[in-house]
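Asker: sharing a sequence plus its predicted fold:
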Amino acid sequence: MNDSIDRLTKLFLKLPGIGERQARRFAYFMMTQQEGYVDSLARALIAVRAHANTCSRCLRIFEGNPGMCSICSDDHRDQTKVAVVEKSQDIESFARTDYNGVFFVLGGLIPIMQKEILQGTNAQKLIDRVATEATNESLQEIILAFPLTPNGEHTDSALRELLAPVAGAVMITSLGRGLSTGTELEYADPASLEASLKKRE
Ligand SMILES: [Zn+2]
């Protein structure tokens, strides 16, 4: 009887932060909406996926043509400073600060209990990029910009250990005090992020 509701509920369940009850609520909500809305939603979903690409340099997911994203190919940005963030949407928080460097998306945090620290994230790709750019002196600072959570702090220290041997004279810094404990970077207010960038150590 409820085939399409069940199917839609299962699809909504895949969304970040959505539980069974909320997923079902969304499914029922769709049944009460005008066809125009549902059609636009379906088309918007297909379009956002069709235009999504991963930047070949910073690994950010962006809307545009394959290759490098607009940040990585921007000559006006300080390409010698790289902020390493957990996820693509964290970069949007930096857009509201004075930060003028570039980025690298780690694609997750390194969990405290994980033994193989290179698994599950783009850590190896970061090491490779730093090794190359440290050698040709096109990199001066790596800013580790993770949330103040146990896994965020663990990722910070794990990356410091991994990067130290290849970074050479490149400075490795972390966001200083300013952000509240537990705050995800994507939700950080610009003033706090700005403050923690200024106080990086
Ligand atoms: Zn990029």
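Answerer: Cool, the structure landed.

Asker: how close does the closest residue to residue 23 other than its chain neighbours sit to the ion?
Answerer: Distances taken as CB to CB, 6 or more residues apart in numbering put residue 12 closest to residue 23, at 3.7 Å, once the chain neighbours are dropped. From N, CA and C alone the C-beta is placed, and that goes for glycine too. Residue 12 sits 30 Å away from the ion, going by CB to the ion, to the nearest Å.

Asker: give me the mean pLDDT for the helix or strand where residue 12 lies.
Answerer: Using DSSP states H and E, residue 12 sits in helix 3-13. Helix 3-13 carries an average pLDDT of 95.

Asker: alpha carbons of that helix, as PDB, please.
Answerer: Written as PDB, here are the backbone C-alpha positions of helix 3-13 (Å, rounded to 0.1, in the frame of the first residue of the first chain):
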ATOM      1  CA  ASP A   3       5.200   1.600  -1.500                       C
ATOM      2  CA  SER A   4       6.100   5.100  -2.700                       C
ATOM      3  CA  ILE A   5       6.000   6.500   0.800                       C
ATOM      4  CA  ASP A   6       8.400   3.800   2.000                       C
ATOM      5  CA  ARG A   7      10.700   4.300  -0.900                       C
ATOM      6  CA  LEU A   8      10.800   8.000  -0.400                       C
ATOM      7  CA  THR A   9      11.300   7.600   3.300                       C
ATOM      8  CA  LYS A  10      14.300   5.400   2.700                       C
ATOM      9  CA  LEU A  11      15.700   8.000   0.300                       C
ATOM     10  CA  PHE A  12      15.300  10.900   2.800                       C
ATOM     11  CA  LEU A  13      16.900   8.700   5.500                       C
END
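
Asker: in that helix, what's buried?
Answerer: The neighbour-count check on helix 3-13 (16 or more other CB atoms under 10 Å) flags 8, 9, 12 as buried.

Asker: send me the next helix or strand after that helix as CSV with only the CA atoms.
Answerer: As assigned by DSSP H and E, the chain's next helix or strand after helix 3-13 is helix 20-31. Taking C-alpha atoms only, helix 20-31 is exported to CSV below (Å, rounded to 0.1, in the frame of the first residue of the first chain):
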residue,chain,number,x,y,z
GLU,A,20,13.3,7.7,10.4
ARG,A,21,10.5,9.8,11.8
GLN,A,22,11.6,12.9,10.1
ALA,A,23,12.2,11.1,6.8
ARG,A,24,8.6,9.8,7.0
ARG,A,25,7.3,13.3,7.8
PHE,A,26,9.0,14.6,4.6
ALA,A,27,7.5,11.8,2.5
TYR,A,28,4.0,12.7,3.8
PHE,A,29,4.7,16.4,3.3
MET,A,30,5.5,15.7,-0.4
MET,A,31,2.1,14.1,-0.9
